[in-house]
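In: here's a sequence, model it:
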Amino acid sequence: MRQRFTPQASLLALAISLGSVPMLAHAADIAVARSVVPLRQLPAEPAVAPVQRFIIKYKPASAPARDRSRVQSSLSAAAARSAGTQAARAALGLKALRRGATGAEIVAASRPLDQAEAQAVLQQLRQDPDVQYAQLDSRKYALDFMPNDPQLPIYQWDLLNTVGGIAGPQAWDHSTGEGVVVAVLDTGSTPHVDLKDNLVAGYDFISWYGQSPDQPDIAGDGDGRDPDATDTGDWTDASMPWCGGSADSSWHGTHVAGTVAAMTNNGLGVAGTAWGAKVQPVRVLGHCGGLTSDIADAIVWAAGGSIDGVPVNPTPADVINMSLGGGGACSQDPATQEAIDFAVSRGTTVVVAAGNNNADASQFSPASCDNVITVGATGVGGTIASYTNYGPRVDLAAPGGDPDSGAGISRGYVWSTGNDGATVAGRDIIVGMVGTSMASPHVAGIVALMQSAAVAAGKDALTPAKVRELLVESVRPFPVQPPANRSIGAGLADAGRAVQLALGNTLPEPPVPELQSGVLLQGLGGGEAQSLLYRVEVPAGTRSLNLRSLGGRGDVSLYAAPGAPPSVEDAAYRSRRAGTAEAIVVASPQPGTWYLRVVGEATFNGVSVLALAR
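Out: Numbering: from 1, shown residues only. Coordinates of the predicted model:
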């Protein structure tokens, strides 16, 4: 069994104190790791991965479905037929391990199979008239990038009223997610000091723990399923060639859980999207990802269903977040679809990441499954992230981050709870990541805010279908529309507007987006006389406020004023040169909220705007 290490209970022991996050309502003495982790994307489902597991569902009226003792004879016959088509290969056996949550059999081959052998086995299984479906029990993977500079301080643009943020403060006046449980199906969680009080008991569903040398050790904790959902690390090394090489542990589940519901107003670390909610860590990803059969069982269990050999979930989830996925359309993954359908039938909303392959989400599961809310990713400026999957299967977008040297102190990452351990858990830290893994938990948190607000107002809990309807209706328009061939849903997730709709109120106007000092907002465009309005927070003691537009093509003018949005006619400050290079500089500006209006004198595109308050 690998060593379990409990992180220290105080941030005083952390390496570097980085001060406070000025936009949060609480002090935030935080630190980040000293070590540098190279930027990497966790691999998509590897083409060279050996196959040793299958999922087989027998038709309800068939003999194997009615009498489980008949399953093994059916499998043996299929193995014999398969061996006949692969005469030059070693003998093959198939063994039923257990029955999954949806009634499908989880089956193991007696030895690892290459892709040709695995397809031959599937062909024979599918020819059995008793078989409803047969599929590989493939692995799915966390959908994130790891940052290459974790010493950067946090800056939570993603939760605030920024151009690319979710407008959390607009929602927190009405709801913090109290009373809602969000199950995070991921690598588990560490008991991070800025998260632990918002965790409820989960479960470790990883069933494959390397019982023999030729099997990859997915669990890494020396045992199979158990009530301990602690993340023991998902590091890989050269002995795991199917995982894509060597890498330190990601502590991915801790980061995702913190985005959902990190403890807030406690004087530490970061805020969470729905900081009054509870997170239920459900461990389904370990070394080299996780098995589809384990993930399907975990979905059912999280929603309150029964699993053989596993205690019933005492706190069934109102929301499930899955920042994970693998290659192949959901139509080829009926086990996952069945589990999702069960969860939704129980009233549980299922939120999933679109994926990081810059490809159509229809070719990935669970992103392309029915009855899920699929989330694409945007960067600091609300523009489409370079890596995000796209297409009609994506419902809406949320902050996933995108590395950007012009994005100010955040450098374009989403910052949340993490750990500095390379293999076993070490110290609690705050770490930046990017990926659709980071976008999905923002939406899961918004769903928690919506459900809590509705129930607190005396309304019935929202159905999953209603949740999706209100989320899509409440989005803000993209500040820069994604390309037509890379659509990422109806718009940007907006917590404040979603909560208002959940309360039954009229949809409010989108808040005026905030320009963060030093963060370049890029790619703006519009037509003649089109007006774009932003606000800038100017602290007391600011010596100079510098507002600029630059780059791109066309012609724009700038208008600025303190306290209220300026008009073209009476703006206190203005810049009206020909072209896109405009500048307004105000010495010793009045502290408080300033407004900047960008007006097209002619059609413009690709223009950037920058605010500097110093």
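
In: partners of A398 in the sheet?
Out: A398 has these beta-bridge partners by DSSP bridges: A377.

In: how many residues are close by it?
Out: Look at A398: counted by other Cβ atoms under 10 Å, it has 35 neighbours. Using the backbone N, CA and C atoms, a C-beta is placed for each residue, glycine as well.

In: equivalent analysis for L195, please.
Out: By the criterion of other Cβ under 10 Å, L195 has 27 neighbours.

In: contacts only, for it.
Out: Taking Cβ atoms under 8 Å, 6 or more residues apart in numbering, we find L195 in contact with S189, T254, A257, G258, A261, A262, M263, V279, T417.

In: spatially nearest residue to it, not counting backbone neighbours?
Out: Spatial nearest neighbour of L195, excluding adjacent residues (Cβ to Cβ, 6 or more residues apart in numbering): T417 at 5.0 Å.

In: for the one you found, which three-state class applies?
Out: Three-state call for T417 (DSSP: H, G, I helix; E, B strand; the rest coil): strand.

In: you'd agree it is up against I430?
Out: Yes - in this structure T417 lies within contact range of I430 using Cβ atoms under 8 Å: 6.7 Å.

In: thinking again about what came up before, what residues are up against the residue nearest to L195?
Out: Contact partners of T417, counting by Cβ under 8 Å, 6+ apart, are 192, 194-195, 254-255, 257-258, 262, 269-270, 428, 430-431.

In: and N546, by the same measure?
Out: Applying Cβ under 8 Å, 6+ apart, the residues near N546 are A583, I584, V585, V586, L610, A611, L612, A613, R614.

In: what about the third one, which helix or strand?
Out: When you say that, I think you mean V585. Following DSSP states H and E, the helix or strand that holds V585 is strand 582-587.

In: and stretch 179-189, what's buried?
Out: V180, V181, V182, A183, V184, L185, D186, T187, G188, S189 (16 or more other Cβ atoms under 10 Å).

In: again with stretch 156-173
Out: 156-172.

In: ok, now stretch 560-577?
Out: The neighbour-count check on stretch 560-577 (16+ other Cβ under 10 Å) flags A560, A561, P562, P565, P566, A571, Y573, R574, S575 as buried.

In: for this structure, give me the ranges with low pLDDT.
Out: 1-49, 84-90, 143-155, 210-216, 241-242, 244-246 (pLDDT under 70).

In: what's the residue most central in space within it in contact with, if anything?
Out: Ranked by distance to the mean C-alpha position of the chain (Cα atoms, centre = their mean), the top residue is S437 at 2.7 Å. Contacts for S437 were tallied using Cβ under 8 Å, 6+ apart; they are A142, L143, D144, H252, H255, V256, S323, L324, A353, N356, G400.

In: for I307, give its distance to Q337.
Out: 18 Å (Cβ to Cβ, to the nearest Å).

In: what sits closest to I166 if chain neighbours are left out?
Out: I166 sits nearest to A495 (Cβ to Cβ, 6+ apart), 4.7 Å away.

In: next up, the contacts around that neighbour.
Out: Contacts of A495 (Cβ under 8 Å, 6+ apart): I166, A167, G168, Q170, A171, T273, G445, I446, L449.

In: before we move on, back to that, if any of the contacts of S437 are buried, give me the PyMOL selection for them.
Out: Entered in PyMOL, the line below selects the buried ones among those, by 16+ other Cβ under 10 Å:
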select buried, resi 142+143+144+252+255+256+323+324+353+356+400
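
In: just curious, which of the contacts of S437 is nearest to S365?
Out: Sorting those by distance to S365 puts L324 at the head of the list, at 9.8 Å, by Cβ to Cβ.

In: burial of the closest residue to that closest one other than its chain neighbours, as a residue count?
Out: Distances taken as Cβ to Cβ, 6+ apart place K140 nearest to L324, at 4.9 Å, with adjacent residues excluded. K140 has 27 neighbours, counted by other Cβ under 10 Å.

In: also P311?
Out: The burial count for P311: 11, using other Cβ under 10 Å.

In: hang on, isn't it packed against P227?
Out: Yes - if you go by Cβ under 8 Å, P311 and P227 touch, sitting 7.3 Å apart.

In: doesn't E473 belong to a helix?
Out: Yes - the assignment for E473 is a helix, going by three-state DSSP.

In: which residue packs closest to it, ignoring adjacent ones?
Out: L501 is the one closest to E473 (Cβ to Cβ, 6+ apart), at 6.2 Å.

In: ok, now which ones touch Q522?
Out: Taking Cβ under 8 Å, 6+ apart, we find Q522 in contact with G381, T383, G406, V480, G551, G606, S608.

In: top of these by number of neighbours, please.
Out: Neighbour max across the contacts of Q522 (other Cβ under 10 Å) = G381, 27 neighbours.

In: and that one, its phi and psi?
Out: Here is the backbone geometry of G381 (degrees, to the nearest 10): phi -90, psi 10.

In: quick one: end-to-end length of stretch 105-124, please.
Out: Using Cα to Cα, to the nearest Å, the end-to-end distance of stretch 105-124 comes out at 16 Å.

In: so how far is that stretch off the chain centroid?
Out: 32 Å (Cα atoms, centre = their mean, to the nearest Å).

In: packing partners for the helix or strand harbouring L75?
Out: Using DSSP H and E, L75 maps to helix 71-85. Packing contacts for helix 71-85, counted by 3 or more Cβ pairs under 8 Å, 6 or more residues apart in numbering; DSSP states H and E, involve strand 51-58, strand 94-99, helix 115-127.

In: of those, flag the one that's most buried.
Out: Counting by mean count of other Cβ atoms under 10 Å, strand 51-58 has the highest mean neighbour count of those, with a mean of 23.

In: want to throw the contacts of A495 into TSV with secondary structure and distance to L532?
Out: As requested, the contacts of A495 are exported to TSV (DSSP: H, G, I helix; E, B strand; the rest coil; distance: Cβ to Cβ, whole Å):
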residue	secondary structure	distance to L532
I166	coil	20
A167	coil	17
G168	helix	22
Q170	helix	20
A171	helix	24
T273	coil	27
G445	helix	28
I446	helix	25
L449	helix	28
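
In: all the strands of the stretch 201-350 of the chain, residue numbers only.
Out: For the stretch 201-350 of the chain, the strands defined by DSSP state E, counting those that start in this stretch cover 203-204, 278-283, 290-291, 319-322, 324-327, 349-353.

In: I'd guessed D231 sits against T190; true?
Out: Yes - using Cβ under 8 Å, D231 is in contact with T190, at 5.4 Å.

In: what's near enough to touch the closest residue to L492 other than its chain neighbours?
Out: Spatial nearest neighbour of L492, chain neighbours left out: R476 (4.6 Å); criterion: Cβ to Cβ, 6+ apart. Contacts for R476 (Cβ under 8 Å, 6+ apart) come out as A167, G382, G491, L492, D494, R497, P510.
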